[in-house]
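Colleague: Give me a 3D structure for the following:
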Amino acid sequence: MNFVELFAGIGGFRLGLERAGHKCVWANEILEKPRSIYEFNFKDKPDGRDIRTVQPDEIPDADILCGGFPCATFSVAGKRTGFSTEDTRGSLFFEICRILRDKRIPYVFLENVKGLLNHDEGRTFAVILASLDELGYDAQWECVNSKNFGVPQHRERVFIVGHLRSHPRPKVFPIGRRFGSQAVEGAEAQGQGERIHSACLPTLDAHYYKGGSTRAVIAEGSGSTARRSVRAVAYAGRKKDRVQNGRQIKENDEPAFTLTAQDRHGVLVDADLRMLTPIECERLQSLPDNWTKWYADGALVSDKERYERCGRSVTINVIEAIGRGFK
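Modeller: I've put the predicted structure just below:
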């Protein structure tokens, strides 16, 4: 199937859907830095206009419209302004509706934070479903955790798949734990699966580079270089512990606590703490190594920007697994 990618970032949806056998025919990303990283990797420059200024007839016909519409207004780590007139990022969902209304794209595939489900006591999610219904789309959805798709990261995200009632319903959800999926097998064939699989880290967010008052730590141990970067004990601070400067401990193979913008990941080597490297963060999202390293002109991307891009990306293995449900 052909697809168009909105709010494309560094191309996470494109990576996953292309691995699932689909083809990108158009992408849009307003921010210059992720757009440039996208261009370096795909040799294809996304449309850089504000999506609110793009007319539907300027978008190629496609079978799937996909994208992770901005989530800061729904995240528990943000102000949760939702569909606010002051913070218009949440209202960008209605730009998706505007395009669907005109283009009648058969399928829509969206991603957002888990907090979308209970934002405003569930009313925000109800508006989303009602809006799709009014446009003629039946929707299915599931909260999916990346840790079940070959990466050691506790990352819960809501995925919504809608289809026009004149088209077949794709068999996507419930997706459950797909360790045996082609998505995970494909990642292992590229060497990613064997590099990171033994422990589960907290959610990687876009503010990792800022640090904070608490730390999520994993200890390096014996074994291959790849496995040392993700194994052993995980620590994460909880609000009640921060008052006492304490840490909450997770044992090996237990999912660690979800971090907010005030927390940070790290690796404990003996008594010294180091941050995860950008490549380690890319692997936590099942991105290819050094995917975030270069801009389109060949200039190096700063580590700060690389951390942010990884934190804002989708987990590629999850996108691929869902993408295989579209026929």
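
Colleague: Would you agree C281 falls within a helix?
Modeller: Yes. Assessed with DSSP: H, G, I helix; E, B strand; the rest coil, C281 lies in a helix.

Colleague: Contacts only, for it.
Modeller: Residues counted as contacts of C281 (Cβ atoms under 8 Å, 6 or more residues apart in numbering) are 204, 208, 306-307, 310-311. Glycine gets a C-beta too; all of them are placed from N, C-alpha and C.

Colleague: Pull the most distant pair out of the residues you listed.
Modeller: Farthest pair in the contacts of C281 (Cβ to Cβ) is L204 and R306. Separation: 11.6 Å.

Colleague: just for the stretch 1-150 of the chain, where's the confidence low?
Modeller: Low-confidence segments of the stretch 1-150 of the chain (pLDDT under 70): 71-90.

Colleague: at 90 what do you get?
Modeller: Counting by pLDDT under 90, the stretch 1-150 of the chain has low-confidence residues at 69-91, 115, 119-122, 124.

Colleague: which residues of this structure fall in helices?
Modeller: For the chain, applying DSSP state H gives helices covering 12-19, 32-42, 93-103, 123-134, 182-189, 192-195, 225-228, 239-242, 278-284, 303-312, 316-323.

Colleague: In TSV, list the contacts of C281 along with distance to C281.
Modeller: TSV is the format used below for the contacts of C281 (distance: Cβ to Cβ, whole Å):
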residue	distance to C281
L204	6
Y208	7
R306	7
Y307	6
C310	4
G311	8
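
Colleague: circling back to that earlier point, looking at the helices of the chain, which one is packed in the most?
Modeller: Among the helices of the chain, helix 316-323 has the highest mean neighbour count (mean count of other Cβ atoms under 10 Å), at a mean of 27.

Colleague: what angle do it and helix 12-19 make?
Modeller: Calculated by axes from the mean of the first three to the mean of the last three Cα atoms, to 10 degrees, helix 316-323 forms an angle of 60 degrees with helix 12-19.

Colleague: what's next to stretch 32-42, contact-wise?
Modeller: Under the contact criterion Cβ under 8 Å, 6+ apart, stretch 32-42 has outside partners 8-11, 14, 24, 27, 29, 44-46, 48, 291-292, 294-298, 301, 305, 309, 312.

Colleague: hmm, try it at 10 Å
Modeller: 5, 7-12, 14-15, 18, 24, 27-29, 31, 44-48, 287-288, 290-299, 301-302, 305-306, 308-309, 312-313 (Cβ atoms under 10 Å, 6 or more residues apart in numbering).

Colleague: Next: stretch 125-136.
Modeller: With Cβ under 10 Å, 6+ apart as the test, stretch 125-136 has contacts from 69, 74, 82-83, 93-94, 96-98, 100-101, 104, 108, 110, 112, 115-120, 137-139, 141, 158, 160, 162-167.

Colleague: all strands of the protein, in order?
Modeller: Taking DSSP state E as the test, the strands found in the chain are 2-6, 23-27, 64-67, 107-113, 137-145, 156-164, 216-219, 234-236, 248-250, 265-269, 272-274.

Colleague: Report the buried residues of the first one.
Modeller: Think strand 2-6. For strand 2-6, a neighbour-count test (16 or more other Cβ atoms under 10 Å) marks 3-6 as buried.

Colleague: Those residues: which two are farthest apart?
Modeller: Farthest apart among the buried residues of strand 2-6 by Cβ to Cβ are F3 and L6. That separation is 10.2 Å.

Colleague: and for those two, which residues touch both?
Modeller: In contact with both F3 and L6: 13, 26-27, 65-67, using Cβ under 10 Å, 6+ apart.

Colleague: Of the buried residues of strand 2-6, which is the nearest to V151?
Modeller: Of all these, E5 has the smallest distance to V151: 21.3 Å, by Cβ to Cβ.

Colleague: nearest residue to the closest one other than its sequence neighbours?
Modeller: Among residues not flanking E5 along the chain, A27 sits closest, at 4.2 Å (Cβ to Cβ, 6 or more residues apart in numbering).

Colleague: wait, what's in contact with the one you found?
Modeller: A27 makes contact with 3-9, 11, 13-14, 35, 38-39, 42, 44-47, 66-67 under the criterion Cβ under 10 Å, 6+ apart.

Colleague: let's go with 8 Å and repeat that
Modeller: Applying Cβ under 8 Å, 6+ apart to A27 gives the contacts 4-6, 8, 11, 14, 38, 44, 46-47.

Colleague: And I99, by the same measure?
Modeller: Taking Cβ under 8 Å, 6+ apart as the criterion, I99 is in contact with 6, 56, 59, 65, 105.

Colleague: Just flag the most distant two among these.
Modeller: Largest separation among the contacts of I99 by Cβ to Cβ: L6 and P56, giving 12.0 Å.
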